[in-house]
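[1] When you get a sec, could you give me coordinates for this:
(one chain, ligands or ions: 1)
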Amino acid sequence: MDYETILTETRGRVLLITLNRPKALNAINAQLTREVIRAATEADTDPEIGCIVITGSAKAFAAGADIKEMQHTTYAAMYGGDRFADWDRFTAVRTPIIAAVAGYALGGGCELAMMCDFILAADTAQFGLPEIKLGVMPGIGGSQRLTRAIGKAKAMEMCLTGRNMDAAEAERSSLVARVVAADTLLDDALRTAGTIAGMSKPIAMMTKEAVNRADETTLTEGIRFERRVFHAIFATADQKEGMAAFVEKRPAKFTHG
Ligand code: HXC
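    Below is the predicted model:
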């Protein structure tokens, strides 16, 4: 695929997307937005891909939305173009997505990481929503997702002061699933993604959908949703295979159906 702002590579059943605007610390412009969304949505319908990893460079996962691109934009263009609504297509991707974050994940970069299903962070990672220092505020879901992830007190402090959070604080605050050494981040992320991609793709998708419900609905509705999906799983070949493999004391061979 001829992308200009990202690199893509398939490793087994894992799609690796590397943000690649090094001169701008992977700042998220319109083209990068289009390319990430296209790569992720194409992988979503590809039965050969069971997990996606998004990463950046050692210095920056992404240092934000592209400030230079936005600088002279008007309200009419922002509103009329419904700027950033395209990311709804990214969050609609049902294939699990891991963000492997080293260095800066600021503003839109932090928001992109939070739109993934979970974050694996290098010990060099720095998270922040510093938009207020530019006279704006988070615009790709940051004020909502950060608050849900780490709670109101810390999210409010970060959004209002624009301060960064290091990897250790991010792990303590449950913003990230795990912190690893920077030089093993990618291997770790790919190994974790490989584990997920070895599961049944439809069951992994249903699991992702169910966990995401916890953020979006009441406990009663969420539990009802989970139960209905759980019942439906018994119509899949992978449920039969997974349980047969356990009983027969052998590894499961899922067919993703
Ligand atoms: C455009 C950016 C950029 C950004 C860095 N660059 N961040 N360009 N948009 N968000 C560019 C710089 O202009 C510079 O280009 C090059 O990348 C290297 O950056 P430096 O600042 O020279 O690097 P360094 O001194 O190491 O500082 C790193 C940094 C700093 C601390 C991460 O770059 C920084 O503060 N960046 C902005 C962080 C930020 O405010 N993010 C939020 C953006 S607003 P040149 O050409 O000068 O060499 C946002 C809005 C979201 O995300 C809401 C809706 C989307």
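
[2] contacts and neighbour counts: CA atoms only from here.
    Will do.

[3] pretty sure Ala155 is in a strand, no?
    No. Counting by DSSP: H, G, I helix; E, B strand; the rest coil, Ala155 falls outside a strand, being helix.

[4] Pull the contacting residues for it.
    Ser143, Leu146, Thr147 (C-alpha atoms under 8 Å, 6 or more residues apart in numbering).

[5] Burial check on Gly139, number of neighbours?
    Residues lying near Gly139 (other C-alpha atoms under 10 Å) number 16.

[6] where's it, which helix or strand?
    In the assignment (DSSP states H and E), Gly139 maps to no helix and no strand.

[7] Nearest to the ligand among the contacts of Ala155?
    Using C-alpha to the nearest ligand atom, Ser143 comes nearest to the ligand of these, at 9.8 Å.

[8] so the closest one is in which element?
    Going by DSSP H and E, Ser143 is part of helix 142-150.

[9] what helix or strand is Leu7 on?
    Assessed by DSSP H and E, Leu7 sits inside strand 6-11.

[10] now the angle from whichever helix or strand comes after that strand to strand 6-11?
    As assigned by DSSP H and E, the chain's next helix or strand after strand 6-11 is strand 14-19. For strand 14-19 against strand 6-11, the angle by axes from the mean of the first three to the mean of the last three C-alpha atoms, to 10 degrees is 160 degrees.

[11] Check whether stretch 143-156 comes into contact with the ligand.
    No. Stretch 143-156 is not in contact with the ligand by C-alpha under 6 Å from any ligand atom; minimum separation 9.8 Å.

[12] Tell me how far that stretch lies from the chain's centre.
    17 Å (C-alpha atoms, centre = their mean, to the nearest Å).

[13] and that stretch, what's its mean pLDDT?
    Stretch 143-156 shows a mean pLDDT of 98.

[14] Can you report how many residues lie near the nearest residue to Ala197 once chain neighbours are set aside?
    In space, and not counting its chain neighbours, Ala197 is closest to Gly50: 4.0 Å by C-alpha to C-alpha, 6 or more residues apart in numbering. The local packing of Gly50 (other C-alpha under 10 Å) involves 30 other residues.

[15] list the contacts for Gly50?
    Counting by C-alpha under 8 Å, 6+ apart, Gly50 has contacts Arg13, Val14, Thr95, Pro96, Ile196, Ala197, Gly198, Met199, Lys201.

[16] what's the answer for Asp117, then?
    Going by C-alpha under 8 Å, 6+ apart, Asp117 touches Pro96, Ile97, Ile98, Ala99, Lys208.

[17] distance of the last one from Leu106?
    According to C-alpha to C-alpha, to the nearest Å, Lys208 and Leu106 sit 25 Å apart.
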